[in-house]
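Trainee: Give me the fold of what follows.
(2 chains)
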Protein chains: 2
Amino acid sequence: MAKKIITISREFGSGGRSIGRAVAERLGYKFYDQEIIMHVAEESGLSKEIVEKYDEYATHKNSFLYSIAVNAGGDAYGGLSFANQVQIAQSNVIKALAEEGNCVIVGRGADYILRDREDCLHVFIRADIKSRAERVVKMYGETDKKIEDRLKDKDTKRKVFYRSFTMRDWGLCENYDISLDSAKIGMDKCVDIIVDIAKA
Amino acid sequence: MAKKIITISREFGSGGRSIGRAVAERLGYKFYDQEIIMHVAEESGLSKEIVEKYDEYATHKNSFLYSIAVNAGGDAYGGLSFANQVQIAQSNVIKALAEEGNCVIVGRGADYILRDREDCLHVFIRADIKSRAERVVKMYGETDKKIEDRLKDKDTKRKVFYRSFTMRDWGLCENYDISLDSAKIGMDKCVDIIVDIAKA
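Mentor: Numbering: from 1, shown residues only, chains lettered A, B, ... in the order given. Presented below is the predicted three-dimensional model:
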């Protein structure tokens, strides 16, 4: 069965977003990354700024699932923190986008949200920290903060977000149909492999 | 750079061994799986039975690295448990096989032992437990023990072996260049992808 939805989880600086965009172009699929923020703002009624603040970097103690559990049966957004409101809206938006089909969705726990759909291909893109650091400096330039420290900080935040959102650990092979090291394999080859599997 | 050595780590019943054998045939590489046991017996001087007992299923408390540390400078095998003797011999054998090049090595922490070689491709093969159970029954027939319990038991033992041998956790994307779900992607396609990357 051809895969109508491709989720791309990625380490910061691994090129996962660029790979996702190239895959979408090759397959003629829609591509969702930052676009999701606007959808989430509309869905939740929160401002774009609030959504951006909590997008993929939630650091609150209570989990998404816990919040869902304690709020079950009531107003979906009643009494929830902004972080949880953003997560619930993200989940609703991603399910709706998947329902439309033929799309690539980057990040935001989409692999978890859509885990029970048979028509999804769940991809993880990573690379060693040195290659990621080189790529980030090339793409975004230098900053005051040491680049490898920035990457480690981003990695930690993404792990915390993923854990709080899904109750699963980040970067486990078992959560993905395919995981690729973009530095070792090459970005073009990663695109080829994903497109090939999606079409099969 | 073409990859001269391919290590295949795999969940029990995922077809990783069959995929590894097919990759070796396609590339004209040597294939090492059970064959390693004889090499390890020769290297260590232990019997084939002892090596088989501790092959990939060590459950001892002390880690391999700890044993190396406390025995540094002395006789490599002096005072070590059978499990540790097997692990040291396995490490030596796998390094020697890699030195000869053009080979596929299945299991036994080869991804860890050869982690610093640039000419390696490190592969992880996995699948959901239902698909693995179906495959194991088809390949080996029924046993008294419930098949899914057998798989969980094997999974646990492999995790413990890997942890004790490498001090790393089993099944993390970061330890592999590529991870593939053989049930979702299909075994033939897994072979194609690995061969293609190895040749690149």
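
Trainee: which residues touch the nearest residue to residue A:200 once chain neighbours are set aside?
Mentor: Take residue A:200 and drop its neighbours on the chain: the residue closest to it by CB to CB, 6 or more residues apart in numbering or on different chains is residue B:189, 6.2 Å away. In short, each C-beta sits where N, CA and C put it, glycine included. Counting by CB atoms under 8 Å, 6 or more residues apart in numbering or on different chains, residue B:189 touches A:196, A:197, A:200.

Trainee: Give me the number of neighbouring residues for the last one.
Mentor: Residue A:200: 14 surrounding residues under other CB atoms under 10 Å in any protein chain shown.

Trainee: Who are the contact partners of it?
Mentor: Contacts of residue A:200 by CB under 8 Å, 6+ apart are A:2, B:185, B:186, B:189.

Trainee: was I right about the second one contacting residue A:177?
Mentor: It stands for residue B:185. Yes - assessed by CB atoms under 8 Å, residue B:185 is found in contact with residue A:177 at 6.3 Å.

Trainee: which one of the two has more residues nearby?
Mentor: Using other CB under 10 Å, the more surrounded residue of residue B:185 and residue A:177 is residue A:177, with 25 against 21.

Trainee: Next one: that one relative to residue A:198, how far apart?
Mentor: Distance check for residue A:177 against residue A:198: by CB to CB, to the nearest Å, it reads 10 Å.

Trainee: isn't residue A:37 right up against residue A:54?
Mentor: No - counting by CB under 8 Å, residue A:37 sits too far from residue A:54 to count as a contact (10.1 Å).

Trainee: Roughly how far does the residue nearest the centre of chain A sit from chain B?
Mentor: Centroid check for chain A by CA atoms, centre = their mean gives residue A:107 as the closest residue, at 0.6 Å. Counting by CB to the nearest CB, to the nearest Å, the gap between residue A:107 and chain B amounts to 15 Å.

Trainee: okay but that residue is in contact with residue A:14, surely?
Mentor: No - using CB under 8 Å, residue A:107 makes no contact with residue A:14, being 11.6 Å away.

Trainee: Pretty sure the residue nearest to residue A:200 sits in a strand.
Mentor: No - looking at residue B:189 with DSSP: H, G, I helix; E, B strand; the rest coil, it is helix, so not inside a strand.

Trainee: how about the strands of chain A, start to end?
Mentor: Ranges of strands within chain A are A:5-10, A:30-32, A:103-106, A:120-126, A:178-181, based on DSSP state E.

Trainee: Name the helix or strand of chain A that has the lowest mean pLDDT.
Mentor: The helix or strand of chain A with the lowest confidence, counting by mean pLDDT, DSSP states H and E, is helix A:64-71 at a mean of 49.

Trainee: On the pLDDT front, check residue A:171 for me.
Mentor: On pLDDT, residue A:171 comes in at 95.

Trainee: Hmm, I typed the wrong one, I wanted residue A:148.
Mentor: 89.

Trainee: gap between it and chain B?
Mentor: Relative to chain B, residue A:148 is positioned 15 Å away (CB to the nearest CB).

Trainee: what's the burial count for residue A:47?
Mentor: Residue A:47 has 11 neighbours, counted by other CB under 10 Å.

Trainee: got the contact list for it?
Mentor: Here residue A:47 is in contact with residue A:41 (criterion: CB under 8 Å, 6+ apart).

Trainee: quick one: it and residue A:85, what's the gap?
Mentor: 11 Å.

Trainee: Please apply the same query to residue A:11.
Mentor: 27 Å.

Trainee: Ok, residue A:15 next?
Mentor: Taking CB to CB, one finds residue A:15 at 31 Å from residue A:85.
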